[in-house]
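Asks: requesting a structural model of the entry that follows:
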Amino acid sequence: NDSLHLSFPHSINVGQQPDGVTVTVVASSTDTAYTKPNLNYNQEIAEETVTQSPDDPTGAMVVGAVAENANTGSTAIVWGATSPFENYYRQLSGYGLRNFDVAANSLFYAIGYEDFLANLPSLAYDAQPQDTPILADLEHMGVIRFVSLILIPFGVLAAGLFVWLSSRERRAEPGKRVA
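Replies: The predicted model follows:
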């Protein structure tokens with residue numbers, strides 16, 4: 001259940017386009033939405049100010065649009081709120097909030113990122129002998145495990161024990177002479 005959260009969005013009025021310009025609506029509100037014209041965002045907004053009144057325009061409103069000019073090749077992406085680009089909503093993506101995805105995809109679309117990935121040059125190189133993978137069957141893997149897990153650790157332990165025993169001082173036994 002993915003959703004897009006826009007805090008205090010402004011609706012976008014799509015007007016008559018000049019020749020060569022196409023506008024695509026990418027996000028709109030539901031049919032039950034309403035807007036508050038002339039709302040002053042520079043002062044504290046009380047609940048009574050945003051409560052729907054009979055005079056408020058209602059219906060589906062455009063909150064995200066893409067305008068493309070075929071003559072110049074330019075692209076403009078317009079959102080009716082800054083919410084898709086706010087870091088706070090990135091933390092809520094695990095709950096199905098897709099604001100960050102919308103922001104990233106908007107930027108990728110605007111710069112033609114898909115075209116960039118499609119036109120990457122491929123580098124050709126000659127195969128080198130050192131690039132050949134080393135493969136081992138089950139029998140060889142058993143030998144490698146035995147040597148690395150048993151033979152080397154216990155061999156080092158035995159060598160250390162031998163060095164320790166051969167270098168320790170001997171105690172003089174009663175009645176025997178120490179040379």
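Asks: next SSE after the least confident helix or strand in the chain by mean pLDDT?
Replies: Least confident element among the helices and strands of the chain, by mean pLDDT, DSSP states H and E: helix 113-118 (a mean of 72). Counting by DSSP states H and E, the next helix or strand C-terminal to helix 113-118 is helix 138-146.
Asks: what's in contact with that next one?
Replies: residue 136 (CB atoms under 8 Å, 6 or more residues apart in numbering). The way it works is simple: take the backbone N, C-alpha and C, and place the C-beta from them, glycine included.
Asks: please work out the average pLDDT along the longest helix along the chain.
Replies: Longest helix in the chain by number of residues, with DSSP state H as the criterion: helix 152-167. In this model, helix 152-167 has an average pLDDT of 95.
Asks: by how many degrees do it and helix 138-146 diverge?
Replies: 30 degrees (axes from the mean of the first three to the mean of the last three CA atoms, to 10 degrees).
Asks: quick check: which helices or strands does helix 152-167 pack against?
Replies: The helices and strands touching helix 152-167, judged by 3 or more CB pairs under 8 Å, 6 or more residues apart in numbering; DSSP states H and E, number zero.
Asks: wouldn't residue 61 be in contact with residue 32 here?
Replies: No: Residue 61 sits out of contact with residue 32 when judged by CB atoms under 8 Å, with a separation of 11.0 Å.
Asks: quick one, which of these two is more surrounded?
Replies: Counted by other CB atoms under 10 Å, residue 61 and residue 32 do not tie: residue 61 has more neighbours, with 21 against 9.
Asks: and the closest residue to that one other than its chain neighbours, its phi and psi?
Replies: If the residues on either side of it in the chain are set aside, residue 61 comes closest to residue 11, at 3.8 Å by CB to CB, 6 or more residues apart in numbering. Main-chain dihedrals, residue 11, degrees, to the nearest 10: phi -70, psi 150.
Asks: my guess is residue 11 meets residue 81, correct?
Replies: No: using CB under 8 Å, residue 11 makes no contact with residue 81, being 10.2 Å away.
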